[in-house]
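[1] I'll drop the sequence and a predicted model, then ask my questions.
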Amino acid sequence: MELPPITRRQRWAFALAATFTMTISYVDRQTLAVLAPRVTAELGIDEIRFGLLLSAFSVAYLIGAPLSGLWIDRVGARRGLLVAVCAWTVVAALHTVAPSFAALLALRVALGFAESPSFPGAAQTVQRALLPEDRARGLGVLFTGSSIGAMIAPPLATAIMAGFGWRMAFLGTAIAGLVWVPIWLAVAWTRRGVALLDPRPADSFPHPGETPDGAAFRSPGRFAGAAPLLRNPALWRALVLIVASAPAISFVILWSSKFLVRTYGLSPVDVGRYLWIPPLCYDLGSVLFGDLSSRRARRNGFDGSPDRGLIAVAACLTACVAFMPRMAPPRAPWPSPPSGWSAARGSTRSSPTTSSPASPRRTSPPAAASARWPSPWPSSSRCPSSAPPSRRKGTTAAPPSTSASGRSPARSPGSSGARPPRTRSPPPSDPATKLHS
């Protein structure tokens, strides 16, 4: 029994379900980047090892993506995406019990391999479901799925961390991904979903002329080889664009939380208020550029070549990341001194011996703050006004002297620092002297 023709709305339902797959994928992979300041502090992970964690996921994803693409061609996106989402949800939830850097590194590698079928399966769904004139717009919408996930992860993960800790944040974001499963079953587990998404021989399309054409519809076990693909210039243009833009995008997505905490002094919980802004701009750009490309494809005489003007504009916008180090922080990145010490440092610079309401006498900072806030005074436990004359400007050192009672001789308040003349005290046995004194 033949199926009725698939409407445009039904085709976009498949594309949006595939986009939601990328959203769930990025929520799970971005959780570590959002929680990085707290996780690295509690597990004792420095910046270099945190970079290794990020690279471990990327390398595993890089190796797994081509292999998972072949696997998706064999089993179809309908079943392949369901298996992949369930697998990476389990791996993401295991981050909750990671006791050390080594365990976290192994989990990041496993997560990279588990999520590698996400984009091949989602892209194949968009390619098969949409008509040729809608594919560019559909791919633009597909890329918004990843940035939507990057927008959801910061507020969701930081909210869970604020209430239950960072370990439960990993578990909460992983469980949230299971919302995708019933949606995918409702859309793809239908007769139309089987007809569109399951692998079929090239001569048995359910609706000739309506479904996309190409080698992706070959039956399992038939592979034309990589040589024709490698000779396609469109592949190399896409690879150049990805290699050129990935470092800038990865820095913004993966390192922004630690950048904001270290440079601008934000708390790990507050970064969730700002990390959703770059993915939002990425979404708007994906939709805009995809729509402009689709409009160009509908023009008469379109030869299938890429729009070099759009690529140049996108490259210039991506290069703006280079100006981030030039942005002056709103306040000093180091801790502020105690309030009393700040008031003392803000007083009028006058003579250390002067004491007046306009220029209060300076005091040394507390011992707890002196370790992180350098003191401008010489290393002494006394304030400058009580420092020995030998440490004052314009004075000469004099050997210490004591009186008969063992005390230092008294100095007049207005003395210049020179030692007063030594006088001989009368014998203590003279009663008249005692009475006179």
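    Nice, I can see it.
[2] can we go C-alpha only for contacts and neighbour counts from here?
    Noted.
[3] now what about stretch 180-192, what contacts it?
    Contacting residues not belonging to stretch 180-192 are listed as 3, 6, 13-14, 17, 20-21, 24, 78, 82, 193-194, 197 [Cα atoms under 8 Å, 6 or more residues apart in numbering].
[4] show me which pair in those is furthest apart.
    3 and 24 (31.1 Å; Cα to Cα).
[5] and the next element down the chain from the helix ranked longest in the chain?
    In the chain, taking DSSP state H as the definition, the longest helix is helix 233-264. As assigned by DSSP states H and E, the chain's next helix or strand after helix 233-264 is helix 277-297.
[6] now do the buried residues in that following helix.
    Residues 278-280, 282-283, 285-287, 289-291, 293-294, 296-297 are the ones in helix 277-297 that count as buried (16 or more other Cα atoms under 10 Å).
[7] got the angle between that helix and helix 233-264?
    Orientation check (axes from the mean of the first three to the mean of the last three Cα atoms, to 10 degrees): helix 277-297 against helix 233-264 gives 160 degrees.
[8] what's the average pLDDT for helix 277-297?
    Taken as a whole, helix 277-297 has an average pLDDT of 79.
[9] same check, this time on stretch 53-63
    So the average pLDDT for stretch 53-63 ends up being 93.
[10] and the contacts of it?
    Contacts for stretch 53-63 (Cα under 8 Å, 6+ apart): 104-105, 108-113, 115-116, 254.
[11] got these as CSV, with pLDDT columns?
    Listed next are the contacts of stretch 53-63 as CSV, based on pLDDT from 0 to 100:
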residue, pLDDT
104, 95
105, 95
108, 96
109, 96
110, 96
111, 96
112, 95
113, 95
115, 94
116, 94
254, 83
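[12] so residue 26, which of the three states?
    helix (DSSP: H, G, I helix; E, B strand; the rest coil).
[13] can you give me the neighbour number for it?
    23 (other Cα atoms under 10 Å).
[14] excluding sequence neighbours, find me the nearest residue to it.
    In this structure, residue 26 finds its nearest non-sequential neighbour in residue 149, 4.8 Å apart by Cα to Cα, 6 or more residues apart in numbering.
[15] that neighbour is in contact with residue 22, isn't it?
    Yes. Between residue 149 and residue 22 there is a contact under Cα atoms under 8 Å: 7.3 Å.
[16] what about stretch 166-175, average pLDDT?
    pLDDT averaged over stretch 166-175 gives 93.
[17] identify all contacting residues around it.
    By Cα under 8 Å, 6+ apart, stretch 166-175 touches 27-28, 31-32, 35, 38-39, 89-90, 92-97, 153, 156-158, 160-161.
[18] now swap in stretch 85-105 and tell me
    Counting by Cα under 8 Å, 6+ apart, 21, 25, 28-29, 43, 45, 52-53, 56, 107, 110-111, 114-115, 118, 167-171, 174-175, 177-178 sit against stretch 85-105.
[19] what's the end-to-end length of it?
    20 Å (Cα to Cα, to the nearest Å).
[20] repeat that for stretch 160-180.
    Length of stretch 160-180, first residue to last, Cα to Cα: 20 Å.
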